[in-house]
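# Turn this into a model:
(2 chains)
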Amino acid sequence: MDEDVQQQLRARRYADAFERLLDRYQEKVFRLAISIVGDAARAEEVTQDIFLRLWLALPAYNGQAAPSTWLYTIARNTCLSAARSDTYRRTLPLEQSKTPRQPENVSTHVEITQLVERLPETQREAITLYYLEDRSVPEVARMLELPEGTVKSHLHRGRRALADMMGV
Amino acid sequence: MDCREAQETILESFDQAASSDKERDLDVHLSVCAGCGHFARVQRMIDCHLAAAISVPRLSPGFRVAVKARIRRQEQTLWPDWLPDLAHLAGSVVAIGLSAVVLPFPLVATVTTGAGLAVVSYFLQTELVGSLAEPEEAGE
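Numbering: from 1, shown residues only, chains lettered A, B, ... in the order given. Okay, the predicted model is just below:
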């Protein structure tokens, strides 16, 4: 996959390659950004940043990794920088919490998304991306650059933690 | 199958279908273990809630236009900030030098006047660059 993009990059047809990458990956990168930064509006801004960085980096592409892998690396690094500098998310991860949490009564979808927000970063990203990517563990693993077993482990821990938070 | 294996099998079943052997072992375990039965029900409920709550969003229609506008702005700013100042300085030096050679006035008067005009034109240039940059910043 993406051999056409690699050919365009080798031929230094950067604008064409960029268009193809936008066509194929803009929504996926957006979903990856949502899984890391949380808020959809903020994720769209970060997705713009990612493609701007990609455009600037295209002449330096050396063909060693697949363009999608390379794009996901840029995306993930940009998202992590944005998430760290953001004032948006200030929720404390569950394992760092000093006071024991009361069990939550989850009656709506909004409430479960709030519980997901409290999960540790890796579990939150894996769970969010898993459902955004139509329950595909291999795709989540590719996007997060993690082995599939590690993604499954994060998913399982996240599910157990959600059950604990719900107190059921 | 013990409780730990049963719960792992339940969690794995969300990612991929369990083998028929594992499924049979799990059914046997669930028929005698109320705790794992409860665990399975809770996990199914969590899965349903998550699937319904985490919806697939779409980028706004103006996304591509916005990205390309940012690329254009970025490329415009690839010129170094000091380039207009350097061009102005070089232009002023050349103009003053030529004036000193060509014009029939005393050298000191020509250089002094040229330097004064260079300072004035430098401030005009700075104002012009600032006025061109402001609308773009306001648009972000």
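# separation between the residue nearest to residue B:33 when sequence neighbours are not counted and residue B:19?
Closest residue in space to residue B:33, ignoring its immediate chain neighbours: residue B:3 at 6.3 Å, by Cβ to Cβ, 6 or more residues apart in numbering or on different chains. For the C-beta atoms, the positions are set from N, CA and C on the backbone; glycine is no exception. Counting by Cβ to Cβ, to the nearest Å, the separation of residue B:3 from residue B:19 is 19 Å.
# need the strands for chain B, in chain order.
With DSSP state E as the criterion, chain B has no strands.
# Residue numbers of it in contact with chain A?
Contact residues (Cβ under 8 Å from any Cβ of the partner chain) of chain B with chain A: B:8, B:11-12, B:14-16, B:39, B:42-43, B:45-47, B:49-54, B:56-60, B:63-64, B:66-67, B:70-71, B:74.
# Pull out the buried members of these.
B:11, B:14-15, B:39, B:42-43, B:46-47, B:49-50, B:53-54, B:59, B:63-64, B:66-67, B:70-71 (16 or more other Cβ atoms under 10 Å in any protein chain shown).
# By residue count, tell me the biggest helix in chain A.
Secondary structure of chain A per DSSP state H: the longest helix is helix A:14-37.
# same question but for chain B, I mixed them up
Chain B, longest helix under DSSP H: helix B:107-139.
# Identify each buried residue in that helix, please.
Applying 16+ other Cβ under 10 Å to helix B:107-139 flags B:110, B:114, B:118 as buried.
# what packs against that helix?
helix B:83-102 (3 or more Cβ pairs under 8 Å, 6 or more residues apart in numbering or on different chains; DSSP states H and E).
# Remind me what the helix it packs on packs against, helices and strands.
Counting by 3+ Cβ pairs under 8 Å, 6+ apart, helix B:83-102 packs on helix B:107-139.
# Please identify the buried residues of stretch A:128-142?
Neighbour-count burial for stretch A:128-142 [16+ other Cβ under 10 Å]: A:128, A:129, A:130, A:131, A:132, A:133, A:137, A:139, A:140, A:141, A:142.
# List the contacts of the fifth one.
Put plainly, it is residue A:132. By Cβ atoms under 8 Å, 6 or more residues apart in numbering or on different chains, the contact list for residue A:132 reads A:31, A:34, A:35, B:54, B:56.
# Would you mind writing the CA trace of the lowest-mean-pLDDT helix or strand in chain A as PDB?
Lowest mean confidence among the helices and strands of chain A (mean pLDDT, DSSP states H and E): helix A:109-117, at a mean of 81. The C-alpha coordinates for helix A:109-117 follow below in PDB (Å, rounded to 0.1, in the frame of the first residue of the first chain):
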ATOM      1  CA  HIS A 109     -23.100   7.400  27.400                       C
ATOM      2  CA  VAL A 110     -21.800  10.800  28.500                       C
ATOM      3  CA  GLU A 111     -20.900   9.400  31.800                       C
ATOM      4  CA  ILE A 112     -18.900   6.500  30.500                       C
ATOM      5  CA  THR A 113     -16.900   8.900  28.300                       C
ATOM      6  CA  GLN A 114     -16.100  10.800  31.500                       C
ATOM      7  CA  LEU A 115     -14.900   7.600  33.100                       C
ATOM      8  CA  VAL A 116     -12.700   6.900  30.000                       C
ATOM      9  CA  GLU A 117     -11.200  10.300  30.500                       C
END
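# now for it, which elements pack on it?
Using 3+ Cβ pairs under 8 Å, 6+ apart, helix A:109-117 is in contact with helix A:121-132, helix A:148-166, helix B:34-53.
# could you redo those as TSV and give each row distance to residue A:78 and mean pLDDT?
Output for those, formatted as TSV (distance: least, Cβ to Cβ, whole Å; pLDDT from 0 to 100):
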stretch	distance to residue A:78	mean pLDDT
helix A:121-132	14	93
helix A:148-166	21	93
helix B:34-53	26	91
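# circling back to that earlier point, out of the buried residues of stretch A:128-142, the closest to residue B:93 would be?
residue A:142 (58.1 Å; Cβ to Cβ).
# you'd agree that closest one is up against residue A:72?
Yes. Checked against Cβ atoms under 8 Å, the pair residue A:142 and residue A:72 is within contact range at 7.0 Å.
# Now for residue A:144: which residues touch it?
By Cβ under 8 Å, 6+ apart, the neighbours of residue A:144 are A:32, A:76, A:125, A:126, A:129, A:151.
# can we see that at 10 Å?
With contact set as Cβ atoms under 10 Å, 6 or more residues apart in numbering or on different chains, residue A:144 has these partners: A:32, A:35, A:36, A:72, A:76, A:122, A:125, A:126, A:129, A:150, A:151, A:154.
# And for residue A:54?
For residue A:54, counting by Cβ under 10 Å, 6+ apart, the contacting residues are A:17-18, A:21-22, A:25, A:29, A:61, A:67, A:70-71, A:74-75, A:78, B:67, B:71.
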